[in-house]
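Peer 1: Sharing a sequence plus its predicted fold:
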Amino acid sequence: MFKLSSLSITRRLGLLIFSALAGITLMALVFLYSERQLVMAERENGVRQTVEVAHDLIAHFHAQIGPGKMSEEEAKQRALQAIKALRYSGSEYFWINDLGKPVPKMIMHATVPALDGKVLDEARFNKAIAARDGKASCNPPTTILPRIKSATCSRTVAKSGA
């Protein structure tokens, strides 16, 4: 059986220091993991709230459709204009995709109007998949939009559909 008293003072002090460092390291790792979870939850909540604002704006214009109010086309156009003007976190913006099959279509893009109405069937629009696979980077942000949301992109961009 192992007896601590059989070790020299130098070894006992070394074991004490090693144990303390191992405990501090373990606590630091637990703290870092916990902090990461908290930051991610806060970020997710922030994105959710931001998207809810855009969704509520769309719902407002949808509620305006009816006799004596707005036509469906006018409500859609006003909703698109309102969403196009929305910004969050300084310069972040919304865009609206129709995720129909076989490929999505850009309904509205806030900063690149040339993409409005464009079918996103070209490989250059698939930046998120390429970044995930290590073939391209979303940094710095480009004017070409990914077809799907990618955690590898540095910018948080939320999508909302009508």
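Peer 2: Yes, it's here. These figures come from a predicted structure and were not determined experimentally.

Peer 1: Would you map the helices across this structure?
Peer 2: Using DSSP state H, the helices of the chain run over residues 9-63, 72-85, 127-132.

Peer 1: Output these as JSON lines; include the columns mean pLDDT and distance to residue 120.
Peer 2: Any C-beta I mention is one placed from the backbone N, CA and C, and that applies to glycine too. Converted to JSON lines, the helices of the chain look like this (pLDDT from 0 to 100; distance: least, C-beta to C-beta, whole Å):
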{"stretch": "helix 9-63", "mean pLDDT": "93", "distance to residue 120": "20"}
{"stretch": "helix 72-85", "mean pLDDT": "90", "distance to residue 120": "17"}
{"stretch": "helix 127-132", "mean pLDDT": "52", "distance to residue 120": "11"}
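
Peer 1: winner for burial among the ones you listed?
Peer 2: Sort the helices of the chain by mean neighbour count, taking mean count of other C-beta atoms under 10 Å, and helix 127-132 sits at the top with a mean of 18.

Peer 1: Can you give the distance of stretch 89-109 from its chain's centre?
Peer 2: Centroid displacement of stretch 89-109 relative to its chain, using C-alpha atoms, centre = their mean, to the nearest Å, is 14 Å.
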